[in-house]
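>>> okay, sequence plus prediction incoming.
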Amino acid sequence: MRCIPPALAFAATLCGFTPTQAAESKAFHLTPTLAHANVSHDPDGLWKPSDFSPFGNPPHLPSIYTATLKTPTGEWILSMLDNQCSPQSDCQAVLAFKSKDGGWKIVANPSLVMGGTATLSATFKTITTEEVDDSANGFTGKYDVGAP
């Protein structure tokens, strides 16, 4: 039997994984879904007010897509705005950590294709993403995650 750290086992059960699945996968999969539609500000405070300008035809305000992971030490959030996307639907995102005292810290600025999945390593040190280049070719992005 393989042992895994108790914090990983606890975080895994919060996300619907068994501790064994988490140890085998060595990662947490984050797929942002619509959290706030057509908003003029970010309730989580991760995006700047200047990021919320109307876009599209007809013009409308951006929507925020998020995925969260709760751990014993705090909460991870992957957030993306739909007005921060390229024509190929590759979008800028932020990965942030919210400590138990309530303070947010942005720890990575990955790109992610709209509707794609990002994978946060079990050590919380790397995030890999599904991305698309300017020629519409898919590739895997890899980003270092800063200390929370």
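All right, it came through fine.
>>> show me the helices in the chain, by range?
Assigned by DSSP state H, the helices in the chain fall at 6-14, 19-25.
>>> stretch 75-94: which residues count as buried?
76-86, 88, 90-94 (16 or more other C-beta atoms under 10 Å). Just so you know, the C-beta spots here come from the backbone N, C-alpha and C atoms, and that holds for glycine as well.
>>> picking that back up, among the helices of the chain, where is the model least confident on average?
Ranked on mean pLDDT, the bottom entry among the helices of the chain is helix 6-14, at a mean of 45.
>>> what's the longest strand in this protein?
Secondary structure of the chain per DSSP state E: the longest strand is strand 74-85.
>>> just the CA atoms of that one, as CSV, please.
As requested, the backbone C-alpha atoms of strand 74-85 are provided in CSV (Å, rounded to 0.1, in the frame of the first residue of the first chain):
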residue,chain,number,x,y,z
GLY,A,74,-6.9,27.5,1.9
GLU,A,75,-8.6,27.7,-1.5
TRP,A,76,-7.2,27.6,-5.0
ILE,A,77,-9.1,29.4,-7.8
LEU,A,78,-8.5,29.4,-11.5
SER,A,79,-10.3,32.4,-13.0
MET,A,80,-10.7,33.5,-16.7
LEU,A,81,-12.6,36.3,-18.4
ASP,A,82,-14.1,35.7,-21.8
ASN,A,83,-13.0,39.0,-23.1
GLN,A,84,-9.3,38.0,-22.5
CYS,A,85,-9.4,35.4,-25.3
